[in-house]
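1. could you look at this predicted model? Sequence included:
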Amino acid sequence: MAEFQEYAGSAQRGNIDEQEDETRQNTITYFSRVEQMVAEPDFADQDEEQRDIFVNNVLEEVQGKELRILSDMLCSRVLEKILQFCSPDQLSTLLVRCIPILDRIAKNRCASHVLQTMLVRLPLMIDKDDVPDEALEFNKLLQNDESEEEPDPTKYENLTPSTIFFHLCAMMEEDLETYIRDPYGSHILQASVFGLAGLPPAAVTRSKASKAYRDASSFENPAIVTPRKKARPEFFQKSLNSLTNSLMTLPEFRDKLVIHPTASPVIQCFLSALAAVDEPMCSKLIKEIMPTETDSLLNLVQHRVGSHLVEKLLGLVSEELLHKVYVDSFRGKLQDLSQHSVANFVVAKLFEFVKSSEDAALMLDEIINDIEYILADNHGNLVVRMVEASARCKVRQKEIMKGLTAAFHIETSEHQQSIVTYILTMETADKTIDATSGGENKKAYFDLQGSRILQALVSFDDPVNKQLINSLLNMTEDMLKDMACNAVGSRVLEAFASSKMDMKRRKAFNKKLIDSIAKMAMDQYGSHVIDKMWTASDLNEKEKLATELLKHENDLNNNFYGRKVLRNCRMNRFKAKKEDWKKTLTNDDKKKKMFEEFYDENSTSKKESKKRKIRSEEGKRKERKTEKVQRKDITPDLAALGYGERLQEEDVHIGEVKLRHGGDDEIDDVFKTTKKEDTSSKKKKKKKDSKNETTLDETASKDTESSPKKKKRKKEKKHGLEKVLAAVTATKKHKKKSKKSSKG
């Protein structure tokens, strides 16, 4: 009889399992269809009302089966996609249904991702003036749910999004130690912290598998998921500070949590959020994390997990505290730490964030003779940071060069001529085939760290800079062509082309590459090198480059990158009228120099810096509206040119600013001016010319005109820039006279 009952029980369980499998299969089929509909290109462009009906139907399917559906891998992914189109009410409805089972959802591998997405989107939907019901006894509602066999989620439906988010953060704060240690709950906590800080959703940490799936499936629609732009509600900061205080009071916070593989990233999340919105609280948290004993900090630096937290701290502390940390904990120990497999990353961060030239010199003196050993341990990033610190603080540049020379075994003058090759390939002189001697014909390998070292070395002062340029010019044309068409090597050539190279060496540099300019122009990396060469060259060199490009015009027009190069170099104008092309480039250079000089004179004024920022933003607009300017209400452009003292109730029109690729035409067409044909305006203009006054008129529309009128307009355009230059010169003289009179 007992055996029969056991058999009957197992049969009954088997029937239940079959029913559950059938139900699960139906659910999976339903959500698979939903995923197909969401993946259609026209779904995001549908009418909002139709989309809301669709989302409501999906949420009704989820009702009562939240835990089972959210815990399923396929269903949870589809539901995350649906959340992109949820309204605040729909999102709140789903979230309140999850409150009774929040603890189980937050610690589930699949369900936690859905909850994380909801907590990313919910803060973006809360307005600045929303006030949560803080007096609501939220815990009692949860206790009633635990006592009920089937919790009633309808009692949560009247809660506002602000109240829901506030109390969810409070619930996590009560169980903070559990959430911060849980591999899935910690992601929920991070999403809440970033939401309270108003940081963009991209800052939220996700697992590698989740990131890979999102990248492969184009998961989020950027037109719908946007970072927070409006101001945060006041209770956001209150909740964030409360969470931070609870974090600092957790047991074993400084001893174990800072090195915990799950908790330490959460602490870094708190630091990033507080650094963005509340610096005093961030400083308080930093002091709480920072060990008081030197040995404790050194142990943290060498720890696989704790070292990441120290790197974060070094980027947030003030210059004074960074100096104190170096003197108290790191000074005299950098040599050993630089060769440690973990601590070398912290030392690299120390060089990256150092600002004081005295500290940088002391730090470099400790390990400047150990560059060879550091490179041998494959810690090239540390050497890059050392070179960057030396260039930034302008200390120990010659010593850095000597250290690199010794590290690559460069002893003879012949080896000195190939130092760029040795550093770029990260091979010592006794192993590398000299590029100038014509050894084996094999393509060189360019190392990423070597490229970064050379890019930093280019910014060194003379004579180090000249030594590198001479080495570069000593390379073969084939080697330079390979560098230009390589993702790593092209960066080096771009840095050299943009450097402060004298004209003699620049001509030699262009001559080395001019035979390969067509192949470079049709390459995705080489085309950028040509852009840098073009920007830094004078008119004669530009003409040589344009002449060589014109020989391969057909091939370049058939290539995507080649067409960009032709457009940047204005080859259509060069081909049609070379003299006009030269005048255009000459005028562009004059305009840029004029504005650079004018900006330098006013760089000390804070008000002028704000005006320049406004003007640069306005310059990015394709069109500017015509304004009527009076003496008391003058535009920033005319005020910067000194017209505020002279103009009285005149109509001023600002021409269009056409922005083109490459940055050569930012100021192009601004000073295209035309005169009014009536005689009264001509008389006024003659009087103003005697007083060095000019008027900017709107660019004339291209109507059908007779040839004599076109010639007149061309003459007027030629004199437009000269008048502006005269006005600027008169303004400078007036300012100097006023300064002398004030001194007198």
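-> Arrived safely, thanks for sending. Everything numeric here is computed off the predicted structure, so don't read it as measured data.

2. residue ranges for the helices of the stretch 401-550 of the chain, please.
-> Per DSSP state H, counting those that start in this stretch, the stretch 401-550 of the chain carries helices over the ranges 413-416, 419-425, 448-457, 464-473, 477-484, 489-498, 503-513, 517-521, 526-536, 539-551.

3. part of a helix, is Val131?
-> No. Using DSSP: H, G, I helix; E, B strand; the rest coil, the assignment for Val131 is coil, not a helix.

4. still on that earlier bit, so which of the helices of the stretch 401-550 of the chain gets nearest Arg392?
-> If you check each of the helices of the stretch 401-550 of the chain against Arg392 by C-beta to C-beta, helix 448-457 wins as the nearest, at 9.0 Å. Using the backbone N, CA and C atoms, a C-beta is placed for each residue, glycine as well.

5. and the next element down the chain from the strand or helix carrying Pro280?
-> If you go by DSSP states H and E, Pro280 is part of helix 279-289. Counting by DSSP H and E, the next helix or strand C-terminal to helix 279-289 is helix 294-301.

6. after the helix or strand containing Ser239, heading C-terminal, what element do we hit next?
-> In the assignment (DSSP H and E), Ser239 maps to helix 234-248. Using DSSP H and E, the helix or strand that directly follows helix 234-248 along the chain is helix 263-277.

7. which strands and helices sit next to that following helix?
-> Helix 263-277 is packed against helix 176-181, helix 185-197, helix 234-248, helix 279-289, helix 306-316, with contacts defined by 3 or more C-beta pairs under 8 Å, 6 or more residues apart in numbering; DSSP states H and E.

8. look up phi and psi at Thr262.
-> Torsion angles at Thr262 (phi, psi; degrees, to the nearest 10) stand at phi -100, psi -40.

9. give me the number of neighbouring residues for it.
-> As a burial measure, Thr262 scores 18 neighbours (other C-beta atoms under 10 Å).

10. same question for Thr249.
-> Counted with other C-beta under 10 Å, Thr249 comes out at 10.

11. from Leu257, how far out is it?
-> Counting by C-beta to C-beta, to the nearest Å, the gap from Thr249 to Leu257 is 11 Å.

12. what's the answer for Arg68, then?
-> Distance of Arg68 to Leu257, given as C-beta to C-beta: 34 Å.

13. go on, Lys287?
-> Taken as C-beta to C-beta, the span from Lys287 to Leu257 is 16 Å.

14. out of the two, which sits in the busier spot?
-> Neighbours were counted for Lys287 and for Leu257 using other C-beta under 10 Å; Leu257 has more, 21 against 12.

15. which residues does Glu319 contact?
-> The contact partners of Glu319, taken as C-beta atoms under 8 Å, 6 or more residues apart in numbering, are 355-356.

16. begin at 46 from here
-> Fine by me, first position is 46 from now on; the one you just mentioned is Glu364.

17. of the helices and strands packed on helix 308-322, flag the one that's most buried.
-> Highest mean neighbour count of the helices and strands packed on helix 308-322: helix 230-242, a mean of 25 (counted as mean count of other C-beta atoms under 10 Å).

18. what's the angle between it and helix 279-293?
-> Using axes from the mean of the first three to the mean of the last three C-alpha atoms, to 10 degrees, the inter-axis angle of helix 230-242 relative to helix 279-293 is 140 degrees.

19. in terms of secondary structure, what does helix 230-242 contact?
-> If contacts are counted by 3+ C-beta pairs under 8 Å, 6+ apart, helix 230-242 sits against helix 156-166, helix 206-219, helix 221-226, helix 279-293, helix 308-322.

20. make TSV from these and add distance to Phe453 and mean pLDDT to it.
-> Shown next, in TSV, are the helices and strands packed on helix 230-242 (distance: least, C-beta to C-beta, whole Å; pLDDT from 0 to 100):
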stretch	distance to Phe453	mean pLDDT
helix 156-166	49	89
helix 206-219	54	86
helix 221-226	47	91
helix 279-293	48	90
helix 308-322	37	92
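
21. quick one, which of those helices is nearest to Val83?
-> When those are compared by C-beta to C-beta, helix 156-166 sits nearest Val83, at 14.1 Å.

22. other residues contacting that closest one?
-> Residues from elsewhere that reach helix 156-166, judged by C-beta under 8 Å, 6+ apart: 112, 115-116, 121-122, 124-125, 128-129, 131, 136, 139-140, 143, 147, 149-151, 210, 213, 229-230, 232-233, 236-237, 239-240, 246, 249, 251, 255, 270.

23. then stretch 524-543?
-> 465-466, 469, 480, 488-489, 491-493, 496, 499-500, 503-504, 513-514, 517, 520, 554, 557-558, 561, 564-565, 568, 570-571, 573-574, 577-578, 580-581.

24. narrow the contacts of helix 156-166 to just the buried residues.
-> The neighbour-count test (16 or more other C-beta atoms under 10 Å) marks 115-116, 121-122, 124-125, 128-129, 131, 136, 139-140, 143, 147, 150-151, 210, 213, 229-230, 232-233, 236-237, 239-240, 246, 249, 251, 255, 270 as buried among those.

25. right, and the helices and strands packed on helix 308-322 - which one's nearest Met82?
-> Closest to Met82 of the helices and strands packed on helix 308-322 is helix 230-242 (C-beta to C-beta; 27.0 Å).

26. that closest one versus helix 206-219: what angle between them?
-> The directions of helix 230-242 and helix 206-219 differ by 130 degrees, with the same axes, to 10 degrees as the criterion.

27. ok so, going back, could you provide the helices and strands packed on helix 308-322 in JSON lines, with additional columns for distance to Phe398?
-> Shown next, in JSON lines, are these (distance: least, C-beta to C-beta, whole Å):
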{"stretch": "helix 221-226", "distance to Phe398": "27"}
{"stretch": "helix 230-242", "distance to Phe398": "22"}
{"stretch": "helix 279-293", "distance to Phe398": "23"}
{"stretch": "helix 324-334", "distance to Phe398": "14"}
{"stretch": "helix 351-361", "distance to Phe398": "5"}
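
28. among the ones you listed, which comes closest to Leu382?
-> Closest approach to Leu382 among the helices and strands packed on helix 308-322 (C-beta to C-beta): helix 351-361, 10.3 Å.

29. burial of the closest residue to Pro306 other than its chain neighbours, as a residue count?
-> The shortest distance from Pro306 to any non-neighbouring residue, by C-beta to C-beta, 6 or more residues apart in numbering, is to Val350 (5.3 Å). Other residues within reach of Val350, judged by other C-beta under 10 Å, total 16.

30. report pLDDT for Val350.
-> Val350 is assigned 92 on the pLDDT scale.

31. next, it: phi, psi?
-> Taking degrees, to the nearest 10, you get phi -100, psi -50 for the backbone angles of Val350.

32. cheers, nothing more for now.
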